[in-house]
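1. with the input below, show me the fold.
(2 chains)
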Amino acid sequence: MSKVRVRFAPSPTGPLHIGGVRTALYNYLFAKQNGGDMILRIEDTDSTRFVPGAEKYIIEALTWLGIKFDEGIKDGAATVRQSERKEIYRKYVDYLLDNGKAYIAFDTPQELEAKRQEIKNFQYDATTRLSMRNSLTLGNDEAKRLVAEGTPYVVRCLITPNEDITLEDMIRGTVTINSSILDDKVLYKSADNLPTYHLANIVDDHLMGITHVIRGEEWLPSAPLHVLLYRYLGWADTMPQFAHLPLLLKPDGNGKLSKRDGDRLGFPVFPLDWFDPKTGEKSSGYREAGYFPEAVVNFLALLGWHAEGDEEFFTMDELIKRFSFSRVSKSGAKFDYEKCKWFNHQYLMNKDDKTLAELIKPQILAKYGVDCPMDKLVTAVSYTKNRCTFPSDFWEQIHFFFIAPTEYDEKTRQKRWKESSPNDMKELYAVLEAIDDFSLENTEKVVMQWIADKEYNTGTIMNAFRLCLVGEGKGPHMFEITTLLGKAETLQRLARAIQELTVH
RNA sequence: GGCGCUAUCGUCUAGUGGUCUUGGACGUCGCCCUCUCACGGCGAAGAUCCCGGGUUCGAAUCCCGGUGGCGCUACCA
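-> As a prediction, this is how the structure comes out:
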């Protein structure tokens, strides 16, 4: 068997959405599992929908996620764009025309629209093509004359009706569709001398030696047309295998997840932030929202695929080893944002403290103007990472390590600042002041002993103490806080709090 | 409307004829841990396996029909 070659073939009409990312991922997993190649091809055959920057975005997004291409990218730009291969397609259009597999049609969009209004379920096919303006009805000479005159035209595929076309899908098994439901698809348009998706796709897949076409389910209805084109072009024996992936659905209501969902649902549907040059609209991406690429890949892999067994955590390499089309589900999956967040939380907790500290240090400086000392930051991170989902959550959890509270949360105060608290804290102050070894273990031992000796309530003391040092009722264990703050800072905060909280 | 794909807890799913009065994960709720919030541990609720027929000794699993969902039905991909 020949070497596996797959392609990811997006059209640069905007940012790549998360469903497209999953298609790219599955292509990549399958290719790498089989020691094959992954190829990028830009399908920009619709000149009217081209969006500047989209190609660069797609490459950047997939690079961020760790989906690598073997062909089709050089110096961060795509090397295969269909818009640059016009002559190639023209050759095959002529071949189809010469062999009676296609014909030239002159019907204007307006005329077609009128037909659709006039006849319900109008379809340009064997039943109607002879009543339209095309080379079949006009004759080849007249058609040539019109073309020479510069009349706009399209080339349509001549579909033979009532033939059962069968294809083997790696996910769905045998799929049979009757050719009568296919219309005479437009293969080529003179307006921009570009083929449509259907033709360009088949020609390129053949020329590039693609062995497996892995794409979304929305292509299933036109797959028989593609099979037909392989036959018409004489390439039936090297036709790739197909796998039509289930679609990603909107988490609310109905329909497939679409680019237009943007931020409507309260979570990103794009891998990276996207600024639309036409509308000026900004859409948020997973990267900027603080997601780790490994978490996104892991989550996405599981949306429509399930490993043997109950494990859920997989690195890219593990996914490559374990991926299988036989374990891809057939029905669409609603996007579960809560679980996606959970994955990120898990990945964040598994990162080492130093890595996280280095990641957030510049963010904190830029956003809050606080230049945290690295050693202290690493410790603060280690104490708080289990309550963060995103790196941007950290500051909320650690700010009090670096900035003393200037005010005290009123709710916490009402709940935790008891009548005895001023005196308790004064006593605690004296206890702490007398400690020389301010290590976590020793401080805890001494303070707990004092609480036990005095028969105080631990919660009452510690919660009031927390209010004094943190300014609210949150944070890690108190002795983690005191140790990291140090004796001087701890005493200073305590003294100030006693004064502030008692005055009122 | 036509054609196709599809159908197990709210969500993602396991399940390929008996071991399933359906297993796991997210979410939800409760308990434990505990100085708060988390983390972690334990547990609960949550699925007429879409409905109806059939095949079979036996069906969530196979077949047929219905229904729902989704997709396609463009000179878009």
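2. only C-alpha atoms for contact and neighbour calcs from this point on.
-> Will do.
3. how much space separates the residue nearest in space to the middle of chain A from RNA strand B?
-> Centroid-nearest residue in chain A: residue A:18, 3.5 Å away (criterion: C-alpha atoms, centre = their mean). In this view, residue A:18 and RNA strand B are 14 Å apart by C-alpha to the nearest atom of the strand, to the nearest Å.
4. residue contacts, that residue?
-> Shown here is residue A:18, whose contacts under the criterion C-alpha atoms under 8 Å, 6 or more residues apart in numbering are A:269-271.
5. and it, what pLDDT?
-> For residue A:18, the model assigns a pLDDT of 94.
6. same check on residue A:474?
-> You'll see residue A:474 listed with a pLDDT of 91.
7. hmm, back to that, so how far is residue A:66 from the residue nearest to the centre of chain A?
-> For residue A:18, the distance to residue A:66 equals 15 Å [C-alpha to C-alpha, to the nearest Å].
8. same question, residue A:117
-> To residue A:66, residue A:117 is 49 Å away according to C-alpha to C-alpha.
9. how many other residues sit next to residue A:264?
-> Counted with other C-alpha atoms under 10 Å, the neighbours of residue A:264 add up to 10.
10. tell me if it really is in a strand.
-> No - going by DSSP: H, G, I helix; E, B strand; the rest coil, the assignment for residue A:264 is coil, not a strand.
11. next, the contact list for it, please.
-> Shown in contact with residue A:264 (C-alpha under 8 Å, 6+ apart): no residues.
12. near RNA strand B, which residues of the stretch 51-200 of chain A?
-> Proximity of the stretch 51-200 of chain A to RNA strand B is confined to A:106-109, A:112, A:121, A:123, A:152-154, A:172, A:175-178, A:181, A:185-186, A:189-191, A:195-198 under the rule C-alpha under 7 Å from any atom of the strand.
13. which residue sits closest to residue A:377, ignoring its sequence neighbours?
-> Spatially, and ignoring its direct neighbours in sequence, residue A:377 is nearest to residue A:357 (6.1 Å; C-alpha to C-alpha, 6 or more residues apart in numbering).
14. how about low-confidence regions in the stretch 401-504 of chain A?
-> For the stretch 401-504 of chain A, the stretches flagged by pLDDT under 70 are A:503-504.
15. how close does residue A:401 sit to RNA strand B?
-> For residue A:401, the distance to RNA strand B (C-alpha to the nearest atom of the strand) stands at 14 Å.
16. please save the CA atoms from the strand or helix carrying that residue in CSV.
-> When elements are assigned from DSSP states H and E, residue A:401 belongs to helix A:394-402. Extracted in CSV, the C-alpha atoms of helix A:394-402 (Å, rounded to 0.1, in the frame of the first residue of the first chain):
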residue,chain,number,x,y,z
PHE,A,394,-4.0,33.8,39.4
TRP,A,395,-3.8,37.4,40.3
GLU,A,396,-7.2,37.2,42.0
GLN,A,397,-5.8,34.4,44.1
ILE,A,398,-2.4,35.8,44.9
HIS,A,399,-2.5,39.6,45.0
PHE,A,400,-2.5,39.7,48.8
PHE,A,401,0.9,38.1,48.9
PHE,A,402,2.3,41.1,47.2
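17. may I have the beta-bridge partners of residue A:245?
-> Beta-bridge partners recorded for residue A:245 (DSSP bridges): residue A:216.
18. that one: what's it in contact with?
-> Residue A:245 makes contacts with A:23, A:171, A:214-217, A:328, A:330, as judged by C-alpha under 8 Å, 6+ apart.
19. go with 10 Å
-> Residues in contact with residue A:245 (C-alpha atoms under 10 Å, 6 or more residues apart in numbering) are A:19, A:22-23, A:26, A:169-172, A:214-220, A:304-305, A:325, A:328-332.
20. of the residues you listed, buried ones?
-> Among these, the ones that count as buried by 16 or more other C-alpha atoms under 10 Å are A:19, A:22-23, A:26, A:169-172, A:214-217, A:220, A:304-305, A:325, A:328-330, A:332.
21. quick one on the thing from earlier: only the buried subset of the residues of the stretch 51-200 of chain A next to RNA strand B, as a ChimeraX command please.
-> The buried residues among those can be selected in ChimeraX (16+ other C-alpha under 10 Å) with this line:
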select /A:106,123,153,154,172,177,185,186,189,195,196,197,198
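22. narrow the residues of the stretch 51-200 of chain A next to RNA strand B to those in strands?
-> A:154, A:175-178, A:186, A:189, A:195 (DSSP state E).
23. pick the one among these closest to residue A:417.
-> The closest of those to residue A:417 turns out to be residue A:175 (C-alpha to C-alpha; 71.3 Å).
24. does that closest one really touch residue A:222, like I thought?
-> No - with contact defined as C-alpha atoms under 10 Å, residue A:175 does not reach residue A:222; the gap is 11.7 Å.
25. not counting sequence-adjacent ones, nearest residue to residue A:267?
-> Nearest residue to residue A:267, sequence neighbours excluded (C-alpha to C-alpha, 6+ apart): residue A:337, at 7.2 Å.
26. isn't the one you found right up against residue A:303?
-> No - with contact defined as C-alpha under 10 Å, residue A:337 does not reach residue A:303; the gap is 11.2 Å.
27. give me the more crowded residue out of the two.
-> residue A:303 (20 against 16).
28. from residue A:300, how far off is the nearest residue to the more buried one once chain neighbours are set aside?
-> Here the nearest residue to residue A:303 in space, its sequence neighbours aside, is residue A:333; by C-alpha to C-alpha, 6+ apart that works out to 6.4 Å. Taking C-alpha to C-alpha as the measure, residue A:333 falls 11 Å from residue A:300.
29. more neighbours: residue A:117 and residue A:66, which one.
-> Using other C-alpha under 10 Å, the more surrounded residue of residue A:117 and residue A:66 is residue A:66, with 15 against 11.
30. residues contacting that one?
-> A:25, A:28, A:60, A:293-294, A:297, A:316.
31. now do the phi/psi pair for it.
-> Per-residue torsions, residue A:66: phi 90, psi 20 (degrees, to the nearest 10).
32. again with residue A:497
-> Backbone geometry at residue A:497, expressed as degrees, to the nearest 10, gives phi -60, psi -40.
33. so it makes contact with residue A:465?
-> Yes - with contact defined as C-alpha under 10 Å, residue A:497 reaches residue A:465; the gap is 9.2 Å.
34. can you tell me which residues in the stretch 351-500 of chain A are near RNA strand B?
-> For the stretch 351-500 of chain A, the residues in contact with RNA strand B (C-alpha under 7 Å from any atom of the strand) are A:386-388, A:458-459, A:462-463, A:466, A:473-479.
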